[in-house]
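Student: sequence and predicted structure below; questions after.
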Amino acid sequence: VVAICIGRRGNSAQYLGASEAGMTNAAVSSVIIAGGGTGGHIYPGIAIAQEFKRRNPQCEIVFIGTARGLENKIVPREGFKLELIEVAALKGVSIGRRIRSLLLLPKSAFAVRSLIQQYKPDVVIGVGGYASGPMLLIASLMGAPTMVAEQNALPGFTNRVLARFVKAAAVSFAEAKSFFRGKAEITGNPVRAEFFTVPAKATSHVTNILITGGSQGARAVNEAFIAALPLLEPHKDKLAIVHQTGELDFEKVKAAYAKSSLHAEVKPFIEKIVDEFAKADLVISRAGATTVAELAAAGRPALMVPLPWAADDHQRKNAEAVERAGAGRMILQSDLSGERLANELLALISDREKLAAMSAASKTLSHPDAAARVVNIAEAIAKK
């Protein structure tokens, strides 16, 4: 997704430099936020855009993404305008797809150049995803101040390439700093404000479990939990489960629960995931950077199954960072089974003090001011 925040600029033909007439001390007058495709990239972009809007209510915001990305659902729901460009993957795809992607580059470059000329950004921020690479590269070549907001402990391929071009980087994990040549500052991953208002969980004899593989579900997690159901049934009076399956596995998972005696709500998609975080004592999830940040903001412990084919295995790095902090446990998908999942789950829910300690450790990983710190960096490089 590419988010463009536009302010009124007067008649100057120049489009760079935060010190131009009409600029306030509190905010730049225009910014582009580039990236998207998944909620993990879109939601931090929205949080950053909202902070710009908070500082400058006159700021106009436009999101630009691809036709296949989740931005088509999320951005309009968040009240922002959406425009689309064509960008395709170059890494981790077949030779045929790579050739088609390369053939798209001139068209993508022209579209990006036109956007920069049209909206005259004071600063361009990349949050990861297909659109981030060409937007930041071309913006840098055109003289615009650029920065990346890196959500993962191990930066993705695109951001590692961009490191030599950008002026600054806002990172979520200390492990990512070394990739940005002394330009990085730890800000945390911008998270929607409502996650920080989730209250601490009161102790109860029933443990509330939230299972989510993200908005599209996670087949490996779904299948492992189906296999775990017989092992969990003897503990049915101690468990209450909410399971987000994704559309493809919904009927299968729902049928499996129907044959068990466990109390569970099975949903293909949860619109207000923050409400389920508030109810949960433990979350079973993937380890995407935004999921990790939302868990920390809410102060919820997690049992994580990193997506094994995520770019550069970054989800495993995220989960390892959470585990080192004492905020969660990790099961590699290669080790995942119904028995392993059930044993890990039962060990955690049988030790309420352990869960409470994990919850407290999770909260220490949160960065309530992440969006503000990202915007502070953006304003600083725009004014140089």
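Tutor: Cool, the structure landed.
Student: what is the helix or strand that H314 is a member of packed up against?
Tutor: Per DSSP states H and E: H314 is located in helix 314-324. Identification of packing neighbours for helix 314-324 by 3 or more C-beta pairs under 8 Å, 6 or more residues apart in numbering; DSSP states H and E yields helix 289-298, strand 302-304, strand 328-330. Glycine gets a C-beta too; all of them are placed from N, C-alpha and C.
Student: same thing but 6 Å
Tutor: helix 289-298, strand 328-330 (3 or more C-beta pairs under 6 Å, 6 or more residues apart in numbering; DSSP states H and E).
Student: of all those, which lies closest to A321?
Tutor: helix 289-298 (7.8 Å; C-beta to C-beta).
Student: got the end-to-end distance for stretch 61-72?
Tutor: Chord length of stretch 61-72, first to last residue, is 15 Å (C-alpha to C-alpha, to the nearest Å).
Student: pretty sure I241 sits in a strand.
Tutor: Yes. Assessed with DSSP: H, G, I helix; E, B strand; the rest coil, I241 lies in a strand.
Student: re the thing from before, quick one: mean pLDDT for the helix holding H314?
Tutor: For helix 314-324, mean pLDDT is 92.
Student: also stretch 58-70?
Tutor: 79.
Student: between the helices and strands packed on helix 314-324, which gets nearest to I64?
Tutor: Proximity to I64 (C-beta to C-beta) singles out helix 289-298 among the helices and strands packed on helix 314-324, at 19.8 Å.
Student: returning to that earlier point: name the residues of the helix holding H314 that come out as buried.
Tutor: Across helix 314-324, burial judged by 16 or more other C-beta atoms under 10 Å covers 314-322.
Student: next, format the residues you listed as CSV and append distance to I211.
Tutor: What follows is the buried residues of helix 314-324, written out as CSV (distance: C-beta to C-beta, whole Å):
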residue, distance to I211
H314, 22
Q315, 17
R316, 19
K317, 22
N318, 18
A319, 16
E320, 21
A321, 22
V322, 17
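Student: which single one of those residues is nearest to K238?
Tutor: For these, the nearest to K238 is V322 (24.7 Å; C-beta to C-beta).
Student: could you give the angle of the helix holding H314 to helix 289-298?
Tutor: Inter-element angle recorded for helix 314-324 and helix 289-298: 20 degrees (by axes from the mean of the first three to the mean of the last three C-alpha atoms, to 10 degrees).
Student: pull the CA atoms of helix 314-324 into CSV?
Tutor: Output in CSV follows, covering the C-alpha atoms of helix 314-324 (Å, rounded to 0.1, in the frame of the first residue of the first chain):
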residue,chain,number,x,y,z
HIS,A,314,11.7,-13.4,9.3
GLN,A,315,8.8,-14.8,11.3
ARG,A,316,11.1,-17.3,13.1
LYS,A,317,13.4,-14.4,14.0
ASN,A,318,10.4,-12.5,15.4
ALA,A,319,9.3,-15.5,17.4
GLU,A,320,12.8,-16.0,18.7
ALA,A,321,12.9,-12.4,19.9
VAL,A,322,9.6,-12.8,21.7
GLU,A,323,10.8,-16.1,23.3
ARG,A,324,14.1,-14.5,24.4
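Student: quick one: it to chain centroid distance?
Tutor: Offset of helix 314-324 from its chain centre (C-alpha atoms, centre = their mean, to the nearest Å): 14 Å.
Student: who touches that helix?
Tutor: Helix 314-324 is contacted from outside by 152-154, 173, 287, 289, 292, 304, 306-307, 328, 330, using C-beta atoms under 6 Å, 6 or more residues apart in numbering.
Student: min pLDDT across those residues, which one?
Tutor: Within the set of the contacts of helix 314-324, pLDDT is lowest for A153 (80).
Student: need the three-state assignment for that residue.
Tutor: Assigned state for A153: coil (three-state reduction, three-state DSSP).
Student: coming back round to it: among the helices and strands packed on helix 314-324, which comes closest to F196?
Tutor: Closest approach to F196 among the helices and strands packed on helix 314-324 is made by helix 289-298 (5.0 Å; C-beta to C-beta).
Student: between the contacts of helix 314-324, identify the one with the most neighbours.
Tutor: Neighbour tally across the contacts of helix 314-324 (other C-beta atoms under 10 Å): the maximum, 31 neighbours, falls on V292.
Student: distance of it from E150?
Tutor: Distance of V292 to E150, computed by C-beta to C-beta, to the nearest Å: 13 Å.
Student: kindly report the same for T245.
Tutor: Distance of T245 to E150, computed by C-beta to C-beta: 30 Å.
Student: out of the two, which sits in the busier spot?
Tutor: Neighbours were counted for T245 and for E150 using other C-beta under 10 Å; E150 has more, 31 against 26.
Student: nearest residue to the more buried one other than its sequence neighbours?
Tutor: Closest residue in space to E150, ignoring its immediate chain neighbours: V171 at 4.8 Å, by C-beta to C-beta, 6 or more residues apart in numbering.
Student: CSV for the helices and strands packed on helix 314-324, including distance to G79?
Tutor: Conversion of these to CSV gives the following (distance: least, C-beta to C-beta, whole Å):
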stretch, distance to G79
helix 289-298, 19
strand 328-330, 33
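Student: now do the end-to-end distance for stretch 182-201.
Tutor: End-to-end distance for stretch 182-201: 40 Å, by C-alpha to C-alpha.
Student: got the buried residues for that stretch?
Tutor: Residues 183-185, 187-192, 194-196, 198, 201 are the ones in stretch 182-201 that count as buried (16+ other C-beta under 10 Å).
Student: let me see the mean pLDDT of that stretch.
Tutor: Averaging pLDDT residue by residue across stretch 182-201 gives 93.
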